[in-house]
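1. What shape does this take:
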Amino acid sequence: MAWLPRMRRPLLAQRPWWSPGGAPGAFKADLIAGLTGAILVVPQGIAYALLAGLPPQYGLYTAVIPTLLAALFGDSRQMVSGPTAALSIALFATLAPLAEAGSEAFIALALTLTLLTGLFQLLLGVARLGGLVALVSHSVVVGFTAGAALIIAASQLPAALGLTRDQAEVLLDGGADLLAGLGAIRPGAALIAVVTLGLCLACRRWRPRWPAMPLALLLATLLAQAIDPGGEQIPRIAAVPAGLPPLVLPQLSLESFSLLAPGAIALGLLGLVEAAAISRALASRSGQRIDANREFIGQGLSNLGGAFFSAYVSSGSFTRSGLNASAGARTSRAAMLAALLLVPMLLLATPWLRFIPTAAIAGLLLLVAINLIDRRAIAEALRAGKNELSVLLITFVGTLLLALEVAILLGVLTSLALYLRRTTRPPVVPAALHQAPAALHEPLDEATCDVVRIDGSLYFGACDSVARRLDAFERPNLVILAAGINFIDLSGIHLLERQARRCRERGGRLYLAWAKPDVLARLRQAGLVDDVRHPDTPTAITI
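-> Presented below is the predicted three-dimensional model:
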(Lines give C-alpha, C1' and ligand atoms only; values in the text may rest on other atoms or scores of the structure.)
Protein backbone atom coordinates (compact mmCIF):
# COMPACT_ATOMS: atom_id res chain seq x y z
CA MET A 1 0.00 0.00 0.00
CA ALA A 2 2.97 2.29 -0.57
CA TRP A 3 0.96 4.24 -3.15
CA LEU A 4 -1.34 5.66 -0.46
CA PRO A 5 -0.43 9.20 0.67
CA ARG A 6 1.20 9.66 4.05
CA MET A 7 -1.08 11.39 6.51
CA ARG A 8 -0.21 13.14 9.75
CA ARG A 9 -2.60 10.59 11.26
CA PRO A 10 -4.35 7.59 9.69
CA LEU A 11 -7.92 7.67 8.43
CA LEU A 12 -10.49 7.06 11.19
CA ALA A 13 -7.92 8.19 13.77
CA GLN A 14 -10.50 10.46 15.37
CA ARG A 15 -12.59 9.12 18.23
CA PRO A 16 -15.75 7.31 17.12
CA TRP A 17 -18.77 9.59 16.92
CA TRP A 18 -20.49 7.70 19.75
CA SER A 19 -17.53 8.13 22.12
CA PRO A 20 -18.13 10.74 24.86
CA GLY A 21 -14.37 11.39 25.16
CA GLY A 22 -12.67 14.72 24.70
CA ALA A 23 -13.19 17.98 26.56
CA PRO A 24 -15.96 18.08 29.19
CA GLY A 25 -19.30 18.76 27.56
CA ALA A 26 -17.96 18.05 24.07
CA PHE A 27 -20.51 15.34 23.29
CA LYS A 28 -23.40 17.51 24.51
CA ALA A 29 -22.16 20.42 22.41
CA ASP A 30 -21.84 18.16 19.35
CA LEU A 31 -25.34 16.78 19.93
CA ILE A 32 -26.91 20.25 20.09
CA ALA A 33 -25.00 21.36 17.00
CA GLY A 34 -26.00 18.18 15.16
CA LEU A 35 -29.69 18.64 15.98
CA THR A 36 -29.55 22.25 14.80
CA GLY A 37 -27.90 21.17 11.56
CA ALA A 38 -30.47 18.43 10.96
CA ILE A 39 -33.31 20.93 11.29
CA LEU A 40 -31.64 23.48 9.02
CA VAL A 41 -30.87 21.02 6.21
CA VAL A 42 -34.53 20.10 5.62
CA PRO A 43 -35.57 23.35 3.92
CA GLN A 44 -32.07 23.93 2.57
CA GLY A 45 -31.78 20.45 1.06
CA ILE A 46 -35.20 20.70 -0.59
CA ALA A 47 -34.36 24.11 -2.01
CA TYR A 48 -31.00 23.03 -3.36
CA ALA A 49 -32.39 19.87 -4.94
CA LEU A 50 -35.00 21.92 -6.82
CA LEU A 51 -32.21 24.30 -7.83
CA ALA A 52 -30.27 21.34 -9.22
CA GLY A 53 -33.29 20.23 -11.27
CA LEU A 54 -33.89 17.16 -9.09
CA PRO A 55 -36.90 16.02 -7.03
CA PRO A 56 -36.83 17.57 -3.51
CA GLN A 57 -36.03 14.34 -1.65
CA TYR A 58 -32.63 14.14 -3.35
CA GLY A 59 -31.47 17.17 -1.40
CA LEU A 60 -32.27 15.31 1.84
CA TYR A 61 -30.59 12.14 0.60
CA THR A 62 -27.45 14.18 -0.10
CA ALA A 63 -27.38 15.29 3.54
CA VAL A 64 -27.15 11.74 4.92
CA ILE A 65 -24.51 9.39 3.47
CA PRO A 66 -22.19 12.08 1.98
CA THR A 67 -22.24 14.01 5.27
CA LEU A 68 -21.36 10.86 7.22
CA LEU A 69 -18.51 9.86 4.90
CA ALA A 70 -17.02 13.36 4.67
CA ALA A 71 -17.00 13.73 8.47
CA LEU A 72 -15.64 10.21 8.96
CA PHE A 73 -12.77 10.38 6.45
CA GLY A 74 -12.18 14.14 6.15
CA ASP A 75 -9.93 16.26 8.32
CA SER A 76 -11.98 19.28 9.45
CA ARG A 77 -13.60 18.99 12.86
CA GLN A 78 -16.33 21.57 12.22
CA MET A 79 -17.09 21.54 8.50
CA VAL A 80 -20.39 19.95 7.45
CA SER A 81 -20.73 18.55 3.93
CA GLY A 82 -23.90 18.11 1.93
CA PRO A 83 -25.85 19.89 -0.80
CA THR A 84 -24.57 23.37 -1.68
CA ALA A 85 -25.96 26.19 -3.79
CA ALA A 86 -22.92 26.53 -6.06
CA LEU A 87 -22.71 22.81 -6.86
CA SER A 88 -26.47 22.57 -7.32
CA ILE A 89 -26.54 25.29 -9.94
CA ALA A 90 -23.35 23.88 -11.47
CA LEU A 91 -24.90 20.42 -11.78
CA PHE A 92 -28.02 21.89 -13.36
CA ALA A 93 -25.94 23.95 -15.81
CA THR A 94 -23.91 20.86 -16.75
CA LEU A 95 -26.84 18.48 -17.30
CA ALA A 96 -29.57 20.81 -18.58
CA PRO A 97 -28.38 20.54 -22.23
CA LEU A 98 -28.36 16.73 -21.96
CA ALA A 99 -31.75 15.87 -20.40
CA GLU A 100 -34.95 17.46 -19.10
CA ALA A 101 -34.68 18.55 -15.47
CA GLY A 102 -36.38 16.15 -13.08
CA SER A 103 -36.68 13.35 -15.61
CA GLU A 104 -35.42 9.82 -15.04
CA ALA A 105 -32.62 10.42 -17.56
CA PHE A 106 -31.60 13.61 -15.75
CA ILE A 107 -31.50 11.81 -12.37
CA ALA A 108 -29.44 8.95 -13.84
CA LEU A 109 -26.95 11.42 -15.34
CA ALA A 110 -26.75 13.31 -12.03
CA LEU A 111 -25.83 10.15 -10.10
CA THR A 112 -23.25 9.13 -12.71
CA LEU A 113 -21.78 12.64 -12.65
CA THR A 114 -21.57 12.43 -8.85
CA LEU A 115 -19.73 9.10 -9.07
CA LEU A 116 -17.19 10.50 -11.55
CA THR A 117 -16.75 13.63 -9.46
CA GLY A 118 -16.02 11.57 -6.35
CA LEU A 119 -13.59 9.37 -8.25
CA PHE A 120 -11.72 12.41 -9.56
CA GLN A 121 -11.51 13.96 -6.07
CA LEU A 122 -10.36 10.69 -4.52
CA LEU A 123 -7.61 10.28 -7.12
CA LEU A 124 -6.37 13.81 -6.39
CA GLY A 125 -6.20 13.03 -2.68
CA VAL A 126 -4.44 9.68 -3.14
CA ALA A 127 -1.95 11.32 -5.51
CA ARG A 128 -1.22 13.99 -2.86
CA LEU A 129 -2.36 16.83 -5.10
CA GLY A 130 -3.98 18.85 -2.33
CA GLY A 131 -2.23 21.96 -3.59
CA LEU A 132 -4.05 21.73 -6.91
CA VAL A 133 -6.93 23.86 -5.62
CA ALA A 134 -4.44 26.73 -5.38
CA LEU A 135 -4.71 26.98 -9.17
CA VAL A 136 -8.32 28.11 -8.74
CA SER A 137 -7.71 31.59 -7.41
CA HIS A 138 -9.99 33.44 -5.04
CA SER A 139 -11.04 35.80 -7.81
CA VAL A 140 -12.20 32.84 -9.92
CA VAL A 141 -14.36 31.58 -7.06
CA VAL A 142 -15.80 35.05 -6.39
CA GLY A 143 -16.60 35.58 -10.08
CA PHE A 144 -18.19 32.16 -10.43
CA THR A 145 -20.34 32.50 -7.31
CA ALA A 146 -21.49 35.97 -8.35
CA GLY A 147 -22.51 34.60 -11.76
CA ALA A 148 -24.18 31.62 -10.08
CA ALA A 149 -26.09 34.04 -7.85
CA LEU A 150 -27.64 35.76 -10.88
CA ILE A 151 -28.52 32.40 -12.42
CA ILE A 152 -30.14 31.29 -9.15
CA ALA A 153 -32.14 34.50 -8.86
CA ALA A 154 -33.32 34.29 -12.48
CA SER A 155 -34.30 30.62 -12.11
CA GLN A 156 -36.34 31.27 -8.95
CA LEU A 157 -38.22 34.39 -10.00
CA PRO A 158 -41.00 32.40 -11.73
CA ALA A 159 -41.68 30.38 -8.57
CA ALA A 160 -41.47 33.48 -6.40
CA LEU A 161 -44.12 35.18 -8.56
CA GLY A 162 -46.29 32.08 -8.97
CA LEU A 163 -45.65 31.86 -12.72
CA THR A 164 -45.23 28.87 -14.98
CA ARG A 165 -42.10 28.74 -17.13
CA ASP A 166 -44.04 29.88 -20.22
CA GLN A 167 -45.57 32.80 -18.34
CA ALA A 168 -42.14 33.81 -17.06
CA GLU A 169 -40.74 33.81 -20.60
CA VAL A 170 -43.58 36.07 -21.73
CA LEU A 171 -42.82 38.44 -18.87
CA LEU A 172 -39.09 38.51 -19.63
CA ASP A 173 -39.62 39.00 -23.36
CA GLY A 174 -41.58 42.19 -22.69
CA GLY A 175 -43.07 43.89 -25.72
CA ALA A 176 -46.80 43.73 -26.38
CA ASP A 177 -47.24 40.71 -24.08
CA LEU A 178 -45.72 42.45 -21.05
CA LEU A 179 -49.12 43.35 -19.58
CA ALA A 180 -50.30 39.78 -20.04
CA GLY A 181 -47.20 38.54 -18.22
CA LEU A 182 -47.73 41.00 -15.37
CA GLY A 183 -51.35 39.94 -15.11
CA ALA A 184 -50.31 36.32 -14.61
CA ILE A 185 -48.38 37.11 -11.42
CA ARG A 186 -50.06 35.56 -8.37
CA PRO A 187 -50.03 38.08 -5.51
CA GLY A 188 -50.34 35.35 -2.88
CA ALA A 189 -47.21 33.56 -4.09
CA ALA A 190 -45.29 36.83 -4.32
CA LEU A 191 -46.36 37.68 -0.76
CA ILE A 192 -45.12 34.32 0.53
CA ALA A 193 -41.73 34.80 -1.18
CA VAL A 194 -41.37 38.32 0.24
CA VAL A 195 -42.39 37.20 3.74
CA THR A 196 -39.92 34.29 3.67
CA LEU A 197 -37.06 36.47 2.45
CA GLY A 198 -37.96 39.28 4.87
CA LEU A 199 -38.12 36.97 7.90
CA CYS A 200 -34.72 35.47 7.07
CA LEU A 201 -33.16 38.93 6.72
CA ALA A 202 -34.82 40.10 9.95
CA CYS A 203 -33.51 37.10 11.88
CA ARG A 204 -30.03 37.65 10.47
CA ARG A 205 -30.19 41.29 11.51
CA TRP A 206 -31.73 41.08 14.98
CA ARG A 207 -31.60 37.39 16.01
CA PRO A 208 -28.54 35.91 14.29
CA ARG A 209 -28.50 32.82 16.56
CA TRP A 210 -32.02 31.76 15.61
CA PRO A 211 -32.46 29.09 12.89
CA ALA A 212 -33.75 31.62 10.37
CA MET A 213 -34.50 29.29 7.44
CA PRO A 214 -36.63 26.71 9.32
CA LEU A 215 -38.53 29.43 11.19
CA ALA A 216 -39.21 31.46 8.04
CA LEU A 217 -40.31 28.34 6.19
CA LEU A 218 -42.66 27.30 9.01
CA LEU A 219 -44.29 30.74 9.24
CA ALA A 220 -44.58 31.01 5.45
CA THR A 221 -46.24 27.58 5.30
CA LEU A 222 -48.75 28.54 7.99
CA LEU A 223 -49.50 31.81 6.19
CA ALA A 224 -50.00 29.98 2.88
CA GLN A 225 -52.41 27.53 4.55
CA ALA A 226 -54.37 30.44 6.01
CA ILE A 227 -54.56 32.35 2.72
CA ASP A 228 -54.97 29.49 0.24
CA PRO A 229 -55.63 26.09 1.89
CA GLY A 230 -56.34 24.38 -1.42
CA GLY A 231 -53.16 25.52 -3.17
CA GLU A 232 -54.95 27.07 -6.18
CA GLN A 233 -53.15 30.42 -5.96
CA ILE A 234 -50.07 29.42 -3.96
CA PRO A 235 -48.54 26.24 -5.44
CA ARG A 236 -46.99 23.68 -3.09
CA ILE A 237 -43.94 21.49 -3.67
CA ALA A 238 -44.41 17.94 -4.86
CA ALA A 239 -44.97 15.28 -2.22
CA VAL A 240 -41.70 14.02 -0.74
CA PRO A 241 -41.77 10.23 -0.35
CA ALA A 242 -40.90 8.91 3.10
CA GLY A 243 -38.07 6.43 3.46
CA LEU A 244 -34.34 5.99 3.56
CA PRO A 245 -32.11 6.91 0.58
CA PRO A 246 -32.63 4.07 -1.92
CA LEU A 247 -29.68 2.07 -3.18
CA VAL A 248 -28.93 2.69 -6.87
CA LEU A 249 -26.27 1.66 -9.36
CA PRO A 250 -25.01 4.63 -11.39
CA GLN A 251 -24.89 3.97 -15.12
CA LEU A 252 -21.24 4.12 -16.07
CA SER A 253 -20.32 3.48 -19.69
CA LEU A 254 -17.69 4.72 -22.10
CA GLU A 255 -20.25 7.07 -23.66
CA SER A 256 -21.36 8.54 -20.34
CA PHE A 257 -17.75 8.86 -19.20
CA SER A 258 -16.72 10.85 -22.27
CA LEU A 259 -19.89 12.94 -22.00
CA LEU A 260 -19.64 13.75 -18.29
CA ALA A 261 -15.88 13.70 -17.58
CA PRO A 262 -15.29 17.44 -18.30
CA GLY A 263 -18.20 18.41 -16.05
CA ALA A 264 -16.99 16.00 -13.34
CA ILE A 265 -13.55 17.64 -13.33
CA ALA A 266 -15.09 21.12 -13.11
CA LEU A 267 -17.51 20.13 -10.34
CA GLY A 268 -14.78 18.21 -8.53
CA LEU A 269 -12.46 21.21 -8.49
CA LEU A 270 -15.26 23.55 -7.49
CA GLY A 271 -16.31 21.24 -4.65
CA LEU A 272 -12.74 20.93 -3.42
CA VAL A 273 -12.25 24.69 -3.56
CA GLU A 274 -15.42 25.16 -1.50
CA ALA A 275 -14.36 22.54 1.04
CA ALA A 276 -10.80 23.86 1.27
CA ALA A 277 -11.98 27.46 1.76
CA ILE A 278 -14.46 26.49 4.50
CA SER A 279 -12.09 24.15 6.33
CA ARG A 280 -9.29 26.74 6.27
CA ALA A 281 -11.61 29.47 7.56
CA LEU A 282 -12.87 27.29 10.43
CA ALA A 283 -9.37 26.01 11.21
CA SER A 284 -8.02 29.55 11.50
CA ARG A 285 -10.48 30.16 14.32
CA SER A 286 -10.07 26.83 16.12
CA GLY A 287 -6.31 26.47 15.65
CA GLN A 288 -6.58 23.16 13.77
CA ARG A 289 -4.07 22.29 11.04
CA ILE A 290 -5.84 20.95 7.96
CA ASP A 291 -4.39 18.11 5.88
CA ALA A 292 -5.57 19.02 2.37
CA ASN A 293 -4.91 15.54 0.97
CA ARG A 294 -6.97 13.90 3.70
CA GLU A 295 -9.79 16.38 3.09
CA PHE A 296 -9.65 15.55 -0.63
CA ILE A 297 -10.01 11.86 0.20
CA GLY A 298 -12.95 12.60 2.49
CA GLN A 299 -14.74 14.64 -0.15
CA GLY A 300 -14.01 12.04 -2.82
CA LEU A 301 -15.36 9.17 -0.72
CA SER A 302 -18.45 11.18 0.23
CA ASN A 303 -19.39 11.69 -3.43
CA LEU A 304 -18.27 8.24 -4.52
CA GLY A 305 -20.29 6.53 -1.80
CA GLY A 306 -23.18 8.97 -1.96
CA ALA A 307 -23.77 8.20 -5.65
CA PHE A 308 -24.88 4.67 -4.64
CA PHE A 309 -27.37 6.11 -2.11
CA SER A 310 -29.23 8.52 -4.44
CA ALA A 311 -27.13 11.54 -3.47
CA TYR A 312 -25.91 14.16 -5.92
CA VAL A 313 -22.66 16.16 -5.86
CA SER A 314 -21.87 17.52 -2.40
CA SER A 315 -19.19 19.56 -0.69
CA GLY A 316 -18.68 21.67 2.41
CA SER A 317 -21.68 23.91 3.11
CA PHE A 318 -20.96 27.51 4.07
CA THR A 319 -24.30 27.90 5.86
CA ARG A 320 -24.33 24.61 7.75
CA SER A 321 -20.63 24.72 8.66
CA GLY A 322 -20.95 28.24 10.03
CA LEU A 323 -24.04 27.26 12.00
CA ASN A 324 -22.28 24.12 13.23
CA ALA A 325 -19.35 26.14 14.56
CA SER A 326 -21.64 28.80 16.06
CA ALA A 327 -23.70 26.09 17.80
CA GLY A 328 -20.56 24.92 19.61
CA ALA A 329 -19.49 21.83 17.66
CA ARG A 330 -16.21 20.44 19.00
CA THR A 331 -15.55 17.44 16.74
CA SER A 332 -16.74 15.80 13.53
CA ARG A 333 -19.33 13.94 15.61
CA ALA A 334 -21.60 16.96 15.21
CA ALA A 335 -21.78 16.49 11.43
CA MET A 336 -22.33 12.74 11.83
CA LEU A 337 -25.10 13.30 14.36
CA ALA A 338 -26.74 15.82 12.02
CA ALA A 339 -26.85 13.14 9.31
CA LEU A 340 -28.14 10.45 11.67
CA LEU A 341 -30.82 12.71 13.20
CA LEU A 342 -32.07 13.43 9.69
CA VAL A 343 -32.98 9.74 9.23
CA PRO A 344 -36.10 9.80 11.48
CA MET A 345 -37.19 12.98 9.74
CA LEU A 346 -36.98 11.16 6.39
CA LEU A 347 -39.07 8.33 7.80
CA LEU A 348 -41.71 10.33 9.66
CA ALA A 349 -41.81 14.00 8.66
CA THR A 350 -41.61 13.95 4.87
CA PRO A 351 -45.41 13.64 4.29
CA TRP A 352 -45.77 17.04 5.95
CA LEU A 353 -43.34 18.65 3.53
CA ARG A 354 -46.00 18.70 0.78
CA PHE A 355 -47.59 21.70 2.51
CA ILE A 356 -44.52 23.89 1.88
CA PRO A 357 -45.22 26.52 -0.82
CA THR A 358 -42.80 26.67 -3.72
CA ALA A 359 -42.71 30.46 -3.36
CA ALA A 360 -41.23 30.03 0.14
CA ILE A 361 -38.48 27.81 -1.25
CA ALA A 362 -37.88 30.43 -3.95
CA GLY A 363 -37.58 33.07 -1.22
CA LEU A 364 -34.93 30.99 0.55
CA LEU A 365 -33.00 30.57 -2.69
CA LEU A 366 -33.18 34.29 -3.39
CA LEU A 367 -31.55 34.75 0.02
CA VAL A 368 -28.91 32.21 -0.99
CA ALA A 369 -28.29 34.22 -4.16
CA ILE A 370 -27.86 37.40 -2.11
CA ASN A 371 -25.40 35.65 0.20
CA LEU A 372 -23.39 34.22 -2.70
CA ILE A 373 -22.43 37.70 -3.89
CA ASP A 374 -19.36 38.45 -1.78
CA ARG A 375 -19.41 42.22 -1.84
CA ARG A 376 -16.32 42.50 0.35
CA ALA A 377 -14.29 40.23 -1.95
CA ILE A 378 -15.45 42.18 -5.00
CA ALA A 379 -14.37 45.43 -3.33
CA GLU A 380 -10.99 43.85 -2.54
CA ALA A 381 -10.59 42.85 -6.18
CA LEU A 382 -11.34 46.42 -7.23
CA ARG A 383 -8.65 47.72 -4.87
CA ALA A 384 -6.15 44.97 -5.80
CA GLY A 385 -5.80 46.19 -9.37
CA LYS A 386 -6.83 45.37 -12.88
CA ASN A 387 -5.40 41.83 -12.91
CA GLU A 388 -7.61 40.49 -10.12
CA LEU A 389 -10.58 42.42 -11.48
CA SER A 390 -10.01 40.98 -14.96
CA VAL A 391 -10.01 37.41 -13.63
CA LEU A 392 -13.19 38.07 -11.67
CA LEU A 393 -15.04 39.66 -14.59
CA ILE A 394 -13.97 37.03 -17.13
CA THR A 395 -15.13 34.21 -14.84
CA PHE A 396 -18.36 36.07 -14.04
CA VAL A 397 -19.25 36.66 -17.70
CA GLY A 398 -18.18 33.12 -18.61
CA THR A 399 -20.48 31.69 -15.95
CA LEU A 400 -23.42 33.58 -17.45
CA LEU A 401 -22.68 32.82 -21.10
CA LEU A 402 -20.65 29.60 -21.28
CA ALA A 403 -20.68 26.07 -19.93
CA LEU A 404 -19.61 25.76 -16.31
CA GLU A 405 -16.36 23.88 -16.95
CA VAL A 406 -15.41 26.37 -19.68
CA ALA A 407 -16.05 29.34 -17.35
CA ILE A 408 -13.89 27.92 -14.55
CA LEU A 409 -11.14 26.83 -16.96
CA LEU A 410 -11.21 30.27 -18.58
CA GLY A 411 -10.80 31.91 -15.16
CA VAL A 412 -7.94 29.59 -14.19
CA LEU A 413 -6.15 30.13 -17.51
CA THR A 414 -6.57 33.90 -17.19
CA SER A 415 -5.08 33.79 -13.68
CA LEU A 416 -2.12 31.74 -14.90
CA ALA A 417 -1.58 33.95 -17.93
CA LEU A 418 -1.51 37.10 -15.79
CA TYR A 419 0.81 35.42 -13.31
CA LEU A 420 3.19 34.37 -16.09
CA ARG A 421 3.03 37.87 -17.52
CA ARG A 422 4.18 39.27 -14.17
CA THR A 423 6.95 36.70 -13.65
CA THR A 424 8.31 37.09 -17.18
CA ARG A 425 8.78 40.80 -16.59
CA PRO A 426 10.46 41.06 -13.19
CA PRO A 427 11.33 44.60 -12.09
CA VAL A 428 14.91 45.69 -12.89
CA VAL A 429 15.22 48.84 -10.78
CA PRO A 430 18.27 51.20 -10.88
CA ALA A 431 19.84 51.73 -7.48
CA ALA A 432 22.66 53.77 -5.96
CA LEU A 433 26.07 52.47 -4.96
CA HIS A 434 25.47 53.24 -1.29
CA GLN A 435 22.66 50.64 -1.38
CA ALA A 436 25.21 47.95 -2.28
CA PRO A 437 27.27 46.12 0.38
CA ALA A 438 29.98 48.18 2.08
CA ALA A 439 32.69 45.92 0.68
CA LEU A 440 32.04 47.41 -2.79
CA HIS A 441 32.13 51.08 -1.76
CA GLU A 442 35.93 51.42 -1.87
CA PRO A 443 36.93 49.48 -5.02
CA LEU A 444 34.04 50.94 -7.06
CA ASP A 445 32.72 54.45 -7.62
CA GLU A 446 29.60 55.97 -9.11
CA ALA A 447 31.36 56.93 -12.34
CA THR A 448 32.39 53.37 -13.24
CA CYS A 449 29.57 51.35 -11.71
CA ASP A 450 25.90 50.69 -12.39
CA VAL A 451 23.76 49.21 -9.59
CA VAL A 452 20.42 47.49 -10.26
CA ARG A 453 17.98 45.49 -8.20
CA ILE A 454 16.19 42.48 -9.74
CA ASP A 455 12.96 41.51 -7.98
CA GLY A 456 12.09 38.17 -9.51
CA SER A 457 13.45 34.78 -10.47
CA LEU A 458 15.84 34.40 -13.40
CA TYR A 459 14.24 31.58 -15.35
CA PHE A 460 13.81 30.95 -19.07
CA GLY A 461 10.62 33.01 -19.33
CA ALA A 462 12.12 36.12 -17.73
CA CYS A 463 15.63 36.17 -19.18
CA ASP A 464 14.80 37.96 -22.42
CA SER A 465 13.05 40.82 -20.62
CA VAL A 466 15.82 41.15 -18.02
CA ALA A 467 18.60 40.98 -20.65
CA ARG A 468 17.11 43.83 -22.69
CA ARG A 469 17.08 46.09 -19.64
CA LEU A 470 20.55 45.09 -18.44
CA ASP A 471 21.96 45.81 -21.90
CA ALA A 472 21.02 49.47 -21.42
CA PHE A 473 23.75 49.89 -18.76
CA GLU A 474 27.12 50.81 -20.29
CA ARG A 475 29.52 51.37 -17.36
CA PRO A 476 32.34 48.86 -16.88
CA ASN A 477 31.12 47.43 -13.59
CA LEU A 478 27.61 46.14 -12.91
CA VAL A 479 26.34 45.29 -9.42
CA ILE A 480 23.15 43.23 -9.21
CA LEU A 481 21.34 43.35 -5.85
CA ALA A 482 20.04 39.78 -5.91
CA ALA A 483 18.04 39.50 -2.68
CA GLY A 484 14.84 39.27 -4.75
CA ILE A 485 16.12 36.43 -6.97
CA ASN A 486 14.61 33.29 -5.43
CA PHE A 487 15.46 30.88 -8.24
CA ILE A 488 17.80 30.65 -11.20
CA ASP A 489 17.78 28.07 -13.98
CA LEU A 490 20.19 27.32 -16.82
CA SER A 491 18.87 30.21 -18.92
CA GLY A 492 19.46 32.56 -16.00
CA ILE A 493 23.00 31.25 -15.59
CA HIS A 494 23.65 31.88 -19.29
CA LEU A 495 22.29 35.41 -18.86
CA LEU A 496 24.77 36.15 -16.04
CA GLU A 497 27.60 34.65 -18.08
CA ARG A 498 26.75 36.96 -20.98
CA GLN A 499 26.55 40.02 -18.71
CA ALA A 500 29.85 39.11 -17.03
CA ARG A 501 31.49 38.79 -20.45
CA ARG A 502 30.18 42.22 -21.50
CA CYS A 503 31.54 43.78 -18.30
CA ARG A 504 34.92 42.09 -18.85
CA GLU A 505 35.07 43.50 -22.39
CA ARG A 506 34.56 47.00 -20.95
CA GLY A 507 37.31 46.48 -18.38
CA GLY A 508 35.04 45.85 -15.42
CA ARG A 509 33.31 43.01 -13.60
CA LEU A 510 29.85 41.74 -12.74
CA TYR A 511 29.07 41.49 -9.03
CA LEU A 512 26.18 39.69 -7.35
CA ALA A 513 25.24 41.04 -3.90
CA TRP A 514 23.01 39.46 -1.25
CA ALA A 515 22.36 36.39 -3.38
CA LYS A 516 20.45 33.60 -1.69
CA PRO A 517 22.34 30.38 -0.80
CA ASP A 518 20.42 28.31 -3.34
CA VAL A 519 21.30 30.76 -6.11
CA LEU A 520 24.96 30.78 -5.07
CA ALA A 521 24.98 26.99 -5.02
CA ARG A 522 23.70 26.85 -8.60
CA LEU A 523 26.33 29.36 -9.70
CA ARG A 524 29.04 27.30 -8.03
CA GLN A 525 27.85 24.16 -9.83
CA ALA A 526 28.07 26.10 -13.10
CA GLY A 527 31.63 27.23 -12.28
CA LEU A 528 30.81 30.95 -12.20
CA VAL A 529 31.92 31.47 -8.58
CA ASP A 530 34.80 29.89 -6.70
CA ASP A 531 32.97 29.14 -3.48
CA VAL A 532 29.63 29.70 -1.80
CA ARG A 533 30.25 32.59 0.48
CA HIS A 534 27.92 34.34 2.91
CA PRO A 535 25.03 35.97 1.01
CA ASP A 536 25.93 39.39 2.45
CA THR A 537 29.33 39.18 0.74
CA PRO A 538 29.37 40.46 -2.86
CA THR A 539 30.34 37.73 -5.32
CA ALA A 540 32.17 38.45 -8.57
CA ILE A 541 31.06 36.34 -11.53
CA THR A 542 34.11 34.68 -13.06
CA ILE A 543 34.34 34.01 -16.80
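2. what's the nearest residue to Phe73 once chain neighbours are set aside in contact with, if anything?
-> In this structure, Phe73 finds its nearest non-sequential neighbour in Gly298, 4.1 Å apart by Cβ to Cβ, 6 or more residues apart in numbering. To be clear about C-beta, it is placed using only N, CA and C from the backbone, and glycine gets the same treatment. Contacts for Gly298 (Cβ atoms under 8 Å, 6 or more residues apart in numbering) come out as 69-75, 81, 125.
3. now the strands for the stretch 1-150 of the chain?
-> Under the criterion DSSP state E, counting those that start in this stretch, the stretch 1-150 of the chain contains strands at 81-82.
4. which residue ranges form the helices in the stretch 301-450 of the chain?
-> In the stretch 301-450 of the chain, the helices defined using DSSP state H, counting those that start in this stretch lie at 318-326, 333-348, 358-372, 375-384, 386-401, 404-423.
5. Dump the ones you listed into JSON lines; add mean neighbour count and mean pLDDT as well.
-> Listed next are the helices of the stretch 301-450 of the chain as JSON lines, based on neighbours: other Cβ atoms under 10 Å; pLDDT from 0 to 100:
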{"stretch": "helix 318-326", "mean neighbour count": "21", "mean pLDDT": "73"}
{"stretch": "helix 333-348", "mean neighbour count": "21", "mean pLDDT": "89"}
{"stretch": "helix 358-372", "mean neighbour count": "25", "mean pLDDT": "80"}
{"stretch": "helix 375-384", "mean neighbour count": "13", "mean pLDDT": "86"}
{"stretch": "helix 386-401", "mean neighbour count": "20", "mean pLDDT": "88"}
{"stretch": "helix 404-423", "mean neighbour count": "18", "mean pLDDT": "83"}
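6. right, and those - which one's nearest Pro443?
-> Between Pro443 and those, the shortest gap by Cβ to Cβ is with helix 404-423, which sits at 33.8 Å.
7. Could you tell me how far the closest one lies from the centre of the chain?
-> Helix 404-423 sits 15 Å away from the centroid of its parent chain (Cα atoms, centre = their mean, to the nearest Å).
8. ok, residues contacting it?
-> 90, 93-94, 135-137, 139-140, 143-144, 147, 262-263, 265-267, 269-270, 387, 390-391, 394-395, 398-399, 402, 456-457, 459, 461-462.
9. Endpoints of stretch 233-244, how far apart?
-> End-to-end distance for stretch 233-244: 32 Å, by Cα to Cα, to the nearest Å.
10. quick one: average confidence on it?
-> Over the span of stretch 233-244, the pLDDT mean works out to 80.
11. which residues touch that stretch?
-> Residues outside stretch 233-244 that contact it (Cβ under 8 Å, 6+ apart) are 46, 50, 55-57, 60, 64, 159, 162, 186-189, 192, 224, 227-228, 343, 346-348, 350-351, 353-359, 361.
12. Please identify the buried residues of stretch 488-497?
-> Buried residues in stretch 488-497, counted by 16 or more other Cβ atoms under 10 Å: 488-489, 492-493, 495-497.
13. follow-up on the earlier one: could you flag which of the contacts of helix 404-423 are buried?
-> Using 16+ other Cβ under 10 Å, the buried members of the contacts of helix 404-423 are 90, 93-94, 136-137, 139-140, 143-144, 147, 263, 265-267, 269-270, 387, 390-391, 394-395, 398-399, 402, 456-457, 459, 461-462.
14. on that earlier part again, which one in the contacts of Gly298 is the model shakiest on?
-> Among the contacts of Gly298, Asp75 carries the weakest pLDDT, at 86.
15. Which residue, other than its chain neighbours, is closest to it?
-> Arg294 (4.3 Å).
16. Which element, helix or strand, includes the one you found?
-> Assigned by DSSP states H and E, Arg294 belongs to helix 292-306.
17. Same question for Gly456.
-> According to DSSP H and E, Gly456 maps onto no helix or strand at all.
18. which residue sits closest to it in space, ignoring its chain neighbours?
-> That would be Pro426: by Cβ to Cβ, 6+ apart, it lies 2.3 Å from Gly456.
19. What is the burial count for the one you found?
-> As a burial measure, Pro426 scores 20 neighbours (other Cβ atoms under 10 Å).
20. before we move on, what about the one 4 residues further on?
-> For Pro430, the number of neighbouring residues by other Cβ under 10 Å comes to 11.
21. partner residues bridging the closest residue in space to it that isn't next to it in sequence?
-> In this structure, Pro430 finds its nearest non-sequential neighbour in Val452, 5.8 Å apart by Cβ to Cβ, 6+ apart. Applying DSSP bridges to Val452 gives these bridge partners: Pro430, Ile480.
22. And Val452, how close does it get to Ala513?
-> 11 Å (Cβ to Cβ, to the nearest Å).
23. what do those two both touch?
-> Joint contacts of Val452 and Ala513 (Cβ under 8 Å, 6+ apart) are 479-481.
24. Neighbour count and distance to Ser321 added to those, as CSV?
-> Formatted as CSV, the shared contacts of Val452 and Ala513 follow (neighbours: other Cβ atoms under 10 Å; distance: Cβ to Cβ, whole Å):
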residue, neighbour count, distance to Ser321
Val479, 24, 53
Ile480, 27, 49
Leu481, 22, 47
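25. how about the helices in the stretch 101-250 of the chain?
-> 104-126, 138-160, 165-173, 178-183, 187-206, 212-227.
26. relative orientation of the second one and helix 358-372 in degrees?
-> Relative orientation of helix 138-160 versus helix 358-372 (axes from the mean of the first three to the mean of the last three Cα atoms, to 10 degrees): 160 degrees.
27. cool, the first one as well?
-> Direction vectors for helix 104-126 and helix 358-372, defined by the same axes, to 10 degrees, enclose an angle of 30 degrees.
28. Could you list the buried residues of helix 104-126?
-> Along helix 104-126, these residues count as buried under the neighbour rule (16+ other Cβ under 10 Å): 106-107, 109-122, 124-125.
29. cool, and the second one?
-> Applying a neighbour-count criterion of 16+ other Cβ under 10 Å, the buried positions in helix 138-160 are 138-149, 151-153, 155-160.
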